[in-house]
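Colleague: Sequence unavailable; structure follows:
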């Protein structure tokens, strides 16, 4: 998308890329912050009115959610959430250690891709949640179970995205490398890895989302950690604290995702958004 | 290898001559099949050792699978799961595609709703399993809602990027030739957005089946989820594994169909 080439004055309603400095000259009602304040404010007001109308057993009001957040700090719910994320990161790291090298191999060697590709793709598109009752038989309900579920949910993204990255490397670059006498090791280090890095980071980001999903599903399944807390809050209809606890999971996940996005921009500023390139594989 | 080459090179009357497989592909097929047979063989061997109660011999699972199909149990359950999936998916498409088109093309909608959509996209839907029953009940309504949520934002985000991918000069040309409003949509933006919209719809199929199965396992036991849970609670491991494999195969077949539909829908773009 090379929208930068289009002069700012000629941008029509669709596909407008904001140009810095132009926004300031927009009339007030067209400015993003004004529209957001208005609509989001209206949503919050509607939420509050709706919640006051139906009562706390059905939907919590905004003050109730805030009180729930304070309560969650006080009774250690947020510590439970952090502990869950720590365990999730173990499974996620394991998935990265296994998945990324496998993905690089798959992208580099057609043979490896041909042999294990179909199996990886098959697991990638099917519903892994169905495996939960079996994983529980293998690993019990403890730490290993959660690590195994997170691993399974995340690993296939971490294989497929780097593989797509290696395939996306310009043939001309490798050929030039070969003609300048670059050996396989040097090629891996100075062509393949830098070229694949944005894809690896994108894979980590997509895999992380799945890993959080896996963490929640696993903990709900065996009723442990954050999942247990969420279930008991749901049963007790303490919806204010429920939404406060759920928001913590979302926010920590969003924070980790933002870290990876930041890393991608800092480490590989030359690459744009490569997520599109992977969507064909999904 | 040489023998194969010479036979295929000689003219065979009345029979289409296929080009010989490249050697790496011959090896690839060999290794692929060997790997599969090796895994299944190891599974069968380990299962007959009886060391772990969780791993029955492979052929017991095959037998249970056959039993499930013949007795109709799996098929009836699959019909229920598919109904949940189709309803949830239809709702998600009916909301996701128009919303995506709007957010993609209107500056106001993008300013206001796009951050919310991305926030929702990043939210693990399974978080809401403990409370979704309060709003929809635990039966079909709840499962359909969960399925719809599972794939809604994927479809929406993909539609948004599809609209965004419309080349600006194309829109300008359309405008210059007097297209506006509905005409601009149907003539320029929709065709340009189509490939990514269809990608979103295909990924949405996969997510919908995942959502439906998750709902049936975690929200309220029903259909295929119930078959799995029931077999698990009886420690009928062969049937449990057979049902799991059935669910995974069902997902694979659906994704395969979705991929074929995607190819057909975007065939005019491929050469």
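Modeller: Nice, thanks for sending it over. Note that the structure is a prediction, hence the values are computed from the model and not measured.
Colleague: Look up the closest residue to whichever residue of the stretch 51-200 of chain B sits closest to chain A, ignoring the ones flanking it.
Modeller: Nearest residue of the stretch 51-200 of chain B to chain A, counting by Cβ to the nearest Cβ: residue B:130, 3.1 Å away. Bear in mind the C-beta positions are built from the backbone N, C-alpha and C, glycine included. Closest residue to residue B:130 apart from its sequence neighbours, by Cβ to Cβ, 6 or more residues apart in numbering or on different chains: residue A:234 at 3.1 Å.
Colleague: what separates the helix or strand containing the one you found from the chain centre, distance-wise?
Modeller: Assessed by DSSP states H and E, residue A:234 sits inside helix A:225-235. Mean-position distance between helix A:225-235 and its chain equals 23 Å (Cα atoms, centre = their mean, to the nearest Å).
Colleague: Toward the C-terminus, what is the element adjacent to it?
Modeller: Using DSSP H and E, the helix or strand that directly follows helix A:225-235 along the chain is helix A:239-267.
Colleague: Is that following helix in proximity to chain B?
Modeller: Yes: against chain B, helix A:239-267 shows contacts by Cβ under 8 Å from any Cβ of the partner chain at A:239, A:242, A:246, A:249-250, A:253-254, A:257.
Colleague: closest to residue B:212 among those?
Modeller: Set against residue B:212, the nearest of the residues of helix A:239-267 next to chain B by Cβ to Cβ is residue A:246 (21.9 Å).
Colleague: Contact partners for that closest one?
Modeller: By Cβ atoms under 8 Å, 6 or more residues apart in numbering or on different chains, the contact list for residue A:246 reads A:230, B:127-128.
Colleague: repeat that with 6 Å
Modeller: The contact partners of residue A:246, by Cβ atoms under 6 Å, 6 or more residues apart in numbering or on different chains, come to residue B:127.
Colleague: Without its sequence neighbours, what residue ends up closest to residue B:147?
Modeller: residue B:88 (2.7 Å).
Colleague: Output the contacting helices and strands for the helix or strand where that neighbour lies.
Modeller: For residue B:88, the host element (DSSP H and E) is helix B:73-105. With contacts taken as 3 or more Cβ pairs under 6 Å, 6 or more residues apart in numbering or on different chains; DSSP states H and E, helix B:73-105 sits against helix B:107-122, helix B:140-164, helix B:190-214, helix B:223-233.
Colleague: so for the first one, what's the average pLDDT?
Modeller: For helix B:107-122, mean pLDDT rounds to 90.
Colleague: in that helix, what counts as buried?
Modeller: Applying a neighbour-count criterion of 16 or more other Cβ atoms under 10 Å in any protein chain shown, the buried positions in helix B:107-122 are B:107, B:109-113, B:117, B:120, B:122.
Colleague: Kindly identify which of these also come near chain A.
Modeller: With Cβ under 6 Å from any Cβ of the partner chain as the criterion, the buried residues of helix B:107-122 include B:111-112, B:122 near chain A.
Colleague: Next, format these as TSV and append distance to residue A:121.
Modeller: TSV is the format used below for those (distance: Cβ to Cβ, whole Å):
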residue	distance to residue A:121
B:111	38
B:112	38
B:122	25
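Colleague: With respect to residue A:125, which of the residues you listed is nearest?
Modeller: Among these, and counting by Cβ to Cβ, the member closest to residue A:125 is residue B:122, at 21.0 Å.
Colleague: What is the neighbour count of residue A:44?
Modeller: Close neighbours of residue A:44, defined as other Cβ atoms under 10 Å in any protein chain shown, add up to 11.
Colleague: How about it: what's its closest non-neighbour residue?
Modeller: residue A:62 (6.6 Å).
Colleague: Could you check how far that neighbour is from residue B:88?
Modeller: Remark: distance between residue A:62 and residue B:88 (Cβ to Cβ, to the nearest Å) = 30 Å.
Colleague: And the two? Which one has more around it.
Modeller: Using other Cβ under 10 Å as the criterion, residue A:62 and residue B:88 rank with residue B:88 on top: 28 against 15.
Colleague: Now do the contacts for residue B:102.
Modeller: Shown in contact with residue B:102 (Cβ under 6 Å, 6+ apart): residue B:109.
Colleague: Those residues of chain B touching chain A, which are they?
Modeller: Going by Cβ under 6 Å from any Cβ, the residues of chain B near chain A are B:24, B:28, B:31-32, B:54, B:105, B:108, B:111-112, B:122-124, B:126-127, B:129-131, B:164, B:166, B:168, B:171, B:199, B:203, B:206, B:209-210, B:213-214, B:217-218, B:228, B:232, B:244, B:247-248, B:251-252, B:255.
Colleague: Which members of those residues are classed as buried?
Modeller: Among the residues of chain B next to chain A, those buried by neighbour count (16+ other Cβ under 10 Å) are B:28, B:31-32, B:54, B:105, B:111-112, B:122-124, B:126-127, B:129-131, B:164, B:166, B:168, B:171, B:199, B:203, B:206, B:209-210, B:213-214, B:217-218, B:228, B:232, B:244, B:247-248, B:251-252, B:255.
Colleague: isn't the residue nearest to residue B:147 right up against residue B:145?
Modeller: No: using Cβ atoms under 6 Å, residue B:88 makes no contact with residue B:145, being 7.3 Å away.
Colleague: Nearest to chain B within chain A, name that residue for me.
Modeller: For chain A, Cβ to the nearest Cβ, closest residue to chain B: residue A:234, 3.1 Å.
Colleague: Can you tell me how far that residue is from residue B:200?
Modeller: Going from residue A:234 to residue B:200 by Cβ to Cβ gives 31 Å.
Colleague: With neighbour numbers in mind, choose between these two.
Modeller: More crowded of residue A:234 and residue B:200, by other Cβ under 10 Å: residue B:200, with 27 against 20.
Colleague: Contacts only, for that one.
Modeller: Applying Cβ under 6 Å, 6+ apart, the residues near residue B:200 are B:155, B:158-159.
Colleague: change it to 7 Å
Modeller: Residue B:200 makes contact with B:154-155, B:158-159, according to Cβ atoms under 7 Å, 6 or more residues apart in numbering or on different chains.
Colleague: Name the nearest residue to it, ignoring sequence neighbours.
Modeller: Leaving aside its chain neighbours, residue B:200 sits nearest to residue B:158 (2.5 Å; criterion: Cβ to Cβ, 6+ apart).
Colleague: swap in residue A:187?
Modeller: Nearest one to residue A:187, counting by Cβ to Cβ, 6+ apart, is residue A:177 at 5.5 Å.
Colleague: Closest one to residue A:73 out of the buried residues of helix B:107-122, please.
Modeller: Of all the buried residues of helix B:107-122, the one sitting nearest residue A:73 is residue B:122; the distance, using Cβ to Cβ, is 23.2 Å.
Colleague: Report whether the expected contact of that closest one with residue A:209 is present.
Modeller: Yes: contact between residue B:122 and residue A:209 holds when scored by Cβ atoms under 7 Å: they sit 6.4 Å apart.
Colleague: So which bits of the strand or helix carrying residue B:245 are buried?
Modeller: Using DSSP H and E, residue B:245 maps to helix B:237-265. By neighbour count on 16+ other Cβ under 10 Å, the buried set for helix B:237-265 is B:237-248, B:250-252, B:254-255, B:258, B:262.
Colleague: For residue A:136, which residues are in contact?
Modeller: Residue A:136 makes contacts with residue A:145, as judged by Cβ under 7 Å, 6+ apart.
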